[in-house]
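>>> Next input, structure requested:
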Amino acid sequence: MTPTLVATLLLAAAPAPQPSTADKCVACHEQRSPGVVADWKISRHAQVSVGCDTCHGNAHQTDTDFARAKLPTPETCNQCHSTQVDQFTKGKHAPAWAAMKAMPTFHMQPMAEMEGLKGCGGCHKLGLKSEAETNDLVKVTGGHGNASCDACHTRHTFSKKEALQPQACETCHMGFDHPQWEMYSGSKHGVRHGLKQMGVLPADTAAPTCQDCHMPGGNHEVRTAWGFLAVRLPLSDDPTWKADQVAILQGLQVLDPTGKPTGRLDVVKAADVARLTSEAFQKERERMVDICSKCHAAGFAKGELARSDDMVREADHLMGEAIREVAGLYKDGVIPRPKGATYPFPDLLTFHDAGTVVEQKLFVMFLEHRMRTFQGAFHNNPDYSLWYGWSEMQRDLTEIRALAKEMRAAVGKKANPKGKKA
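A predicted model of the protein is given here:
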């Protein structure tokens, strides 16, 4: 009997191979959602036999029980990527969902915008969620946005190569209050990297990406020295800057008019949007100096970061002046306190819900123009720091002073309509 005949007889006697769970899923979903299947097939997951049931379970078996498919969470990814998930849970992205829901304006927006993921929720969805929040999200969106890791490693390719590109950050880090993408892509760092991607510059050209600076070595923690709002403790020893910092913290309702902490300080701590000790700030600063020093001399890196710190101080001075101007309007009864406010001070986190034009101007000054002033400096984009940032803040302050003067005059005229002398 020849070897070929023996092999043929053995194959005939062997039971037919059973289709894997993934095979069953693919057969159906190639018709129902072919793009999902095509993405999975080219993924690393497919190469190492991570099938659909690994992430979605095997409770969903027919075209009528799709609701039984498990929705992935970071814990799902933790089965294989525990180091990255552990880093992620310690970083600023993890509290993103909680930070959004803590904003006063959250409760005044359409749920389609927030939890429907068409506004703030569309980016803040990468934050960790409680079981109750996950259940609520299922009711609103069917569960889309429940996962976190897929914000950067998009479904169903889950590509590391994709997440390493600066464009992976663009969807969320752009626009009104945090245009980091525009700042980076227009900076010399971003321009050089763009030229590398186009093949104009050699592949080994120094051209840092967002990930190089904010996720060194693939660290998923993602933190910065100043934090999102560029507020920190302890306050400056410079009396002028300290007074301006106090005004900003009062405008954030973190300090009351006497300078004592309020309950909102706990929210700031939980959201990790500020460095609250010198040690925490210095740890992140030293890490950034080390990163910059891979291309630049350490002295140059420290000097550039210090000059950007100076821009935070300059922006804070304009912001402090504007906050005190509006606070004076509350104190003198020219405009009513914000709804729910416990003391006469503007709430910078009311956003577009603020009740008067002067308060609206203050909100834009803080969240758009102040952010661009210091973020433009740190991202090495002179145009953003000056023209879209500091210059706009100067104009904001001028308009706020003019509006305040007009409003005081109107109140005075109403109180004394015939212009009689007191």
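>>> what about the strands in the stretch 1-150 of the chain?
Counting by DSSP state E, counting those that start in this stretch, one finds no strands in the stretch 1-150 of the chain.
>>> Any stretches of it with poor pLDDT?
1-21 (pLDDT under 70).
>>> go again using 80 as the cut-off
Across the stretch 1-150 of the chain, residues meeting the criterion (pLDDT under 80) sit at 1-22, 142-143.
>>> try the stretch 251-400 of the chain
Using pLDDT under 80, the stretch 251-400 of the chain drops low at 338-343.
>>> Could you measure from G227 over to K413?
Applying CB to CB, to the nearest Å, the value for G227 to K413 is 44 Å. Where C-beta positions appear, they are placed from N, C-alpha and C, glycine not excepted.
>>> which of those two has more neighbours?
G227 (20 against 11; other CB atoms under 10 Å).
>>> In space, what's closest to that one - neighbours in sequence excluded?
A274 (4.4 Å; CB to CB, 6 or more residues apart in numbering).
>>> pretty sure the one you found is touching L235, no?
No. Using CB atoms under 8 Å, A274 is not in contact with L235, being 11.8 Å away.
>>> returning to that earlier point: residues in contact with the residue nearest to G227?
If you count contacts by CB atoms under 8 Å, 6 or more residues apart in numbering, A274 has them with 227-229, 231-233, 268.
>>> quick one: which of the residues you listed is nearest V48?
Closest to V48 out of the contacts of A274 is F228 (36.6 Å), distances taken as CB to CB.
>>> Next one: that closest one, what pLDDT does it get?
Looking at F228, its pLDDT reads 90.
>>> Wait, a helix at it?
No. Read with DSSP: H, G, I helix; E, B strand; the rest coil, F228 is coil and lies in no helix.
>>> can you pull the contacts of G259?
By CB under 8 Å, 6+ apart, the residues touching G259 are 246, 250.
>>> and it, what helix or strand is that in?
Under the criterion DSSP states H and E, no helix or strand holds G259.
>>> Which one (most neighbours) among the contacts of A274?
V268 (24 neighbours).
>>> ok, C295 touching T205?
No. Assessed by CB under 8 Å, C295 is found out of contact with T205, at 10.6 Å.
>>> distance of G328 from M319?
The gap separating G328 from M319 is 15 Å, by CB to CB.
>>> Looking at these two, which is more packed in?
Using other CB under 10 Å as the criterion, G328 and M319 rank with M319 on top: 26 against 13.
>>> Find the nearest non-adjacent residue to Q109, please.
Spatial nearest neighbour of Q109, chain neighbours left out: G119 (6.7 Å); criterion: CB to CB, 6+ apart.
>>> The nearest residue to F374 once chain neighbours are set aside sits in which helix or strand?
Closest residue to F374 apart from its sequence neighbours, by CB to CB, 6+ apart: V312 at 4.6 Å. Per DSSP H and E, V312 falls inside helix 298-331.
>>> elements contacting that helix?
helix 239-251, helix 278-292, helix 357-364, helix 371-378, helix 391-415 (3 or more CB pairs under 8 Å, 6 or more residues apart in numbering; DSSP states H and E).
>>> Need the contact partners of the fourth one.
Helix 371-378 is contacted from outside by 177-180, 183, 226, 230, 305, 307-308, 311-312, 314-315, 382-386, 388-390, 392-393, using CB under 8 Å, 6+ apart.
>>> Check the first one too.
Residues external to helix 239-251 that are found in contact with it (CB under 8 Å, 6+ apart): 231, 235-236, 255-257, 259, 313, 316-317, 319-321, 323-324, 327, 345-348, 362, 366.
>>> got the helices and strands packed on helix 298-331 as CSV, with distance to G263 columns?
Below are these laid out as CSV (distance: least, CB to CB, whole Å):
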stretch, distance to G263
helix 239-251, 14
helix 278-292, 21
helix 357-364, 21
helix 371-378, 25
helix 391-415, 28
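>>> Just name the most buried of the ones you listed.
helix 371-378 (a mean of 26; mean count of other CB atoms under 10 Å).
>>> count of residues packed around the nearest residue to C292 once chain neighbours are set aside?
With CB to CB, 6+ apart as the criterion, C292 has its nearest non-adjacent residue at 3.5 Å, and that residue is A301. By other CB under 10 Å, the residues close to A301 number 18.
>>> Confirm for me that A301 is in contact with E286.
No. Using CB under 8 Å, A301 is not in contact with E286, being 10.7 Å away.
>>> Report the contact partners of E133.
By CB under 8 Å, 6+ apart, E133 lies in contact with W97.
>>> The helix holding V312 to helix 278-292, inter-axis angle?
For helix 298-331 against helix 278-292, the angle by axes from the mean of the first three to the mean of the last three CA atoms, to 10 degrees is 140 degrees.
>>> what separates helix 298-331 from the chain centre, distance-wise?
Chain-centre distance of helix 298-331: 21 Å, with CA atoms, centre = their mean, to the nearest Å.
>>> quick check: domain ranges of the protein?
As given by automatic domain parsing, the domain ranges for the chain are 42-54+71-157, 223-414.
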